[in-house]
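Novice: I would like to see how this sequence folds:
(one chain, ligands or ions: 2)
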Amino acid sequence: MQTQLPIVPNFPLQALNTFGIAACARAYLKVSSVDQLRAVLADPGLAALPRLLLGGGSNIVLTGDVDALVLHMGIEGRSVLGQQGEHTLVRCGGGENWHHFVQWTLAQGLGGLENMALIPGTVGASPIQNIGAYGTEVKDVFHSLSACDLRTGDMRTMDAAACRFAYRDSVFKHPEGAHLAIVDVTFALPTAWQPNLRYGELAQAVADAGLSSPNAQQISDLVVAIRQRKLPDPAVIGNAGSFFKNPVVSAEQCARLLAAFPGLVHHAQADGSEKLAAGWLIDQCGWKGKSLGAAGVYPKQALVLVNNGGASGADVLALARAIQADVLARYGVTLDTEPVFI
Ligand code: FAD
Ligand code: EPU
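Specialist: Residues are numbered from 1 along each chain as shown. Ligands and ions are numbered 1, 2, ... in the order given. Next up is the predicted model:
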């Protein structure tokens, strides 16, 4: 039986990317089931058309029109699967909004995701760059995911090892995983929940609120407040969150930099390397609040590039390149970009 696919030609994408960049897709489909994905693969008329998976559009930079069929992942559903050892397993459809899912787990009395409250985007994209904030990453609470192979239509289940999670990275950002559409994600949340207050700014916020034993909802509320204070709301100012990853350097390079720049913000990693605060490096180069054409550096957080209005992908890239060049010249440190360029 042929599934009728409601594909829309020449679809505007400005409202579907949080940078607010104007661009048009050759074709667009809101995907609400695996059957629809499979129908796309089985349709000979669509075989020659490249495909682009899209979630909330909060970690992409559109560099031009998209000559592809945009598969906008909208698969829904949330369920508590039950206990497994020390954890409760919860599963969520890839098209669900991440923050709404976090709030839903908290309403079920399940902690574990609260430090990652208010990260924009979908649940299906959360493993792509192993999202993280305020001391927790997806890999810390991940159980498994289901993905549809867009070459064959086959479904596969992947555990954390198969996902190859790293800081802002996973197999899905590499050619070996780029053909996989994440359909749902299962999380393992600790039954005996304990707050994770390793991130200094969050611990300080808990102390300032006078909470000696905060619950998970209270921590989520504090994270939301911190984020609203520091980061621009994409509904008001176009942006994609941190534009660069925090660079990881050797302990020796960090020591050399500290000798020359004693204020350098750095955090020791478990393997002995040091993560530098890219926001500090950019800030010190004088970029905070500055603009180049229609793209700018957010005045409250130098790691966030913003759309001042009408910015194109080229405007954003030109600003990013200028910042990278300055940071490299001053500190000898290469800044890698975080969002996906399309
Ligand atoms: P999209 O931007 O739509 O897509 C990102 C990539 O994933 C693309 O390559 C796309 O093809 C692919 N993709 C999307 N859905 C699927 C799927 N179902 N299957 C396979 N591939 C898929 N990130 C953090 O880690 N921590 C933060 O604290 C954080 N803060 C942010 C704050 C702001 C204000 C903004 C705008 C962004 C922030 N981000 C942060 C980045 C962003 O929210 C995350 O990367 C998020 O996971 C992106 O989800 P999305 O659904 O919007 O993905
Ligand atoms: N800093 C400055 N000037 C600035 C910005 C930052 O000096 O303009 C310094 C401050 O000293 C601050 C330090 O940099 O202490 C770190 O800043 P912040 O705590 O804001 O965190 P970040 O390193 O800029 C990272 C993530 C965020 C995540 C927060 C909280 C990356 C690339 N970014 O930001 O993730 O929300 O920590 O955990 O790892 C994202 O990935 O899009 C994102 C927003």
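Novice: identify the residues contacting the residue of the stretch 151-300 of the chain at minimum distance from ligand 1.
Specialist: Residue nearest to ligand 1 within the stretch 151-300 of the chain (CB to the nearest ligand atom): residue 241, separated by 2.5 Å. Using the backbone N, CA and C atoms, a C-beta is placed for each residue, glycine as well. Residue 241 sits next to 58-59, 119-120, 231, 304, 338-339 when contact means CB atoms under 8 Å, 6 or more residues apart in numbering.
Novice: just say helix, strand or coil for it.
Specialist: Under DSSP: H, G, I helix; E, B strand; the rest coil, the three-state class of residue 241 is strand.
Novice: the domain parsing of this structure - what is it?
Specialist: 8-73, 78-190, 238-341 (automatic domain parsing).
Novice: any idea how far apart the tips of the second one sit?
Specialist: Chord length of domain 78-190, first to last residue, is 18 Å (CA to CA, to the nearest Å).
Novice: that older thread, in JSON lines: the domains of the chain, plus mean pLDDT.
Specialist: As requested, the domains of the chain are exported to JSON lines (pLDDT from 0 to 100):
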{"stretch": "domain 8-73", "mean pLDDT": "97"}
{"stretch": "domain 78-190", "mean pLDDT": "98"}
{"stretch": "domain 238-341", "mean pLDDT": "98"}
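Novice: and ligand 2, which of the ones you listed is closest to it?
Specialist: So among those, domain 238-341 is nearest, using CB to the nearest ligand atom, at 2.6 Å.
Novice: using a markdown table, please lay out the domains of the chain together with distance to residue 222.
Specialist: Below are the domains of the chain laid out as a markdown table (distance: least, CB to CB, whole Å):
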| stretch | distance to residue 222 |
| --- | --- |
| domain 8-73 | 22 |
| domain 78-190 | 9 |
| domain 238-341 | 18 |
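Novice: looking at the ones you listed, spot the one closest to residue 199.
Specialist: Nearest to residue 199, of all those, is domain 78-190, at 3.9 Å by CB to CB.
Novice: how about the closest one and ligand 2, any contact?
Specialist: Yes. Domain 78-190 lies within reach of ligand 2 by CB under 6 Å from any ligand atom, at 133-134.
Novice: immediately after the lengthiest helix in the chain, which helix or strand?
Specialist: Ranked by residue count under DSSP state H, the longest helix found in the chain is helix 313-331. The helix or strand immediately downstream of helix 313-331 is strand 340-341, counting by DSSP states H and E.
Novice: that following strand and ligand 1 in contact?
Specialist: Yes. Residues of strand 340-341 contacting ligand 1 under CB under 6 Å from any ligand atom: residue 340.
Novice: that concludes my questions; thank you for your assistance.
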